[in-house]
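Engineer: here's a sequence, model it:
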Amino acid sequence: MTSSAKAVVAVLLLQAVSLVLGCYDVSTDAVGAEQVHWDYNTDGHHGPAHWHELKPEWSVCKTGMQQSPINIVAADMVKDDGLGKLDARYKAKINATIANDGHAVVVDLPPKSGALKIKGVTYHPAQFHFHMPSEHHIMNQSFPLEMHLVHKSEDGKLAVVGFLFVEGEESEFLAQFVDKLPSYKEPNVKSNIGKIRLLRQNRNYGRYMGSLTTPPCAENVTWTVMLWNFPTVSAHQLKLLSDSVPHTNNRPTFSSKGRNFHTSI
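Structural biologist: The predicted model follows:
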């Protein structure tokens with residue numbers, strides 16, 4: 001992608017983000033280990049800046065070269081015609097369970113309830129969870145909510161699809177279970193929420209290599225971030241999600257460190 005083309009894409013993305021975010025003012029992880037206390041308190045000794053100190057195996061949280069989340073900027077964008085349409089297929093309705101791990105609301109999905117194919121590798125959805133405000137930024141803009149749909153391959157590789165929400169109309173997707181959110185005061189108590197439909201993907205997305213956004217911050221995670229046509233979430237739904245966790249649960253962004261953000265547009 002030429003520098004002029006990058007500039008055009010960046011301007012369009014920024015305009016889209018600014019339009020959908022409007023006047024929003026920013027007023028979790030389910031994959032990390034739980035034996036050592038960690039949190040998102042930036043003023044404490046267990047927050048993101050100190051995760052690497054809490055356990056030797058978590059040193060990559062500071063030393064890693066492919067950490068997530070990132071701030072998606074024009075300079076890192078590369079138009080990649082090889083991406084094509086996102087190859088993701090899920091069952092029409094999936095029987096799911098919900099819990100709160102003390103950091104985030106986590107919805108577990110049964111084995112092989114769908115498939116995401118990336119470069120010949122098949123990943124199956126395992127769970128999804130939420131971060132408030134968003135962890136990924138676009139052109140320095142954050143979003144009120146981000147959902148991570150975590151997938152795992154047969155040999156243990158991870159691929160995560162990130163959805164950035166903007167405040168607006170009620171989300172039909174969230175309405176399936178938002179009134180059943182468990183409290184952080186009762187961690188790891190699972191309950192069945194019945195059959196749900198997963199959030200639909202749009203055709204435009206970007207991809208980069210990153211990490212888990214919680215301890216142990218393991219790298220070599222394939223990230224897909226959905227772009228444009230951002231799903232909406234109502235103020236009431238945001239309040240319910242916010243009340244389910246004791247604090248904001250977003251890890252600060254990291255430098256791309258030379259990584260490209262491959263885009264389908």
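
Engineer: phi and psi next, for the closest residue to V60 other than its chain neighbours.
Structural biologist: Nearest non-adjacent residue to V60, counting by C-beta to C-beta, 6 or more residues apart in numbering: C217, 5.1 Å away. Where C-beta positions appear, they are placed from N, C-alpha and C, glycine not excepted. Main-chain dihedrals, C217, degrees, to the nearest 10: phi 60, psi 30.

Engineer: strands of the stretch 101-250 of the chain, start to end?
Structural biologist: Along the stretch 101-250 of the chain, the segments classed as strands by DSSP state E, counting those that start in this stretch run 105-108, 114-118, 121-131, 137-138, 145-153, 158-167, 191-196, 205-211, 219-226, 232-233.

Engineer: which residues does S153 bridge with?
Structural biologist: Bridge pairing for S153 (DSSP bridges) gives the partners Y123.

Engineer: surely it meets Y123?
Structural biologist: Yes - counting by C-beta atoms under 8 Å, S153 touches Y123, with 4.9 Å between them.

Engineer: more neighbours, those two?
Structural biologist: Per other C-beta atoms under 10 Å, whichever of S153 and Y123 has more neighbours is Y123, with 22 against 15.

Engineer: got the contact list for that one?
Structural biologist: Counting by C-beta atoms under 8 Å, 6 or more residues apart in numbering, Y123 makes contact with A115, L116, K117, H151, K152, S153, K157, L158, A159.

Engineer: mind redoing it with 10 Å?
Structural biologist: By C-beta atoms under 10 Å, 6 or more residues apart in numbering, Y123 lies in contact with 88, 114-117, 150-154, 157-161, 222.

Engineer: just R197 next, same as before
Structural biologist: Contact analysis of R197 by C-beta under 10 Å, 6+ apart lists Y90, K91, A92, K93, I94, E172, F173, Q176.

Engineer: how about the residues you listed, which pair is most distant?
Structural biologist: Using C-beta to C-beta, the contacts of R197 reach their maximum pairwise distance at K91 and E172, which is 17.5 Å.
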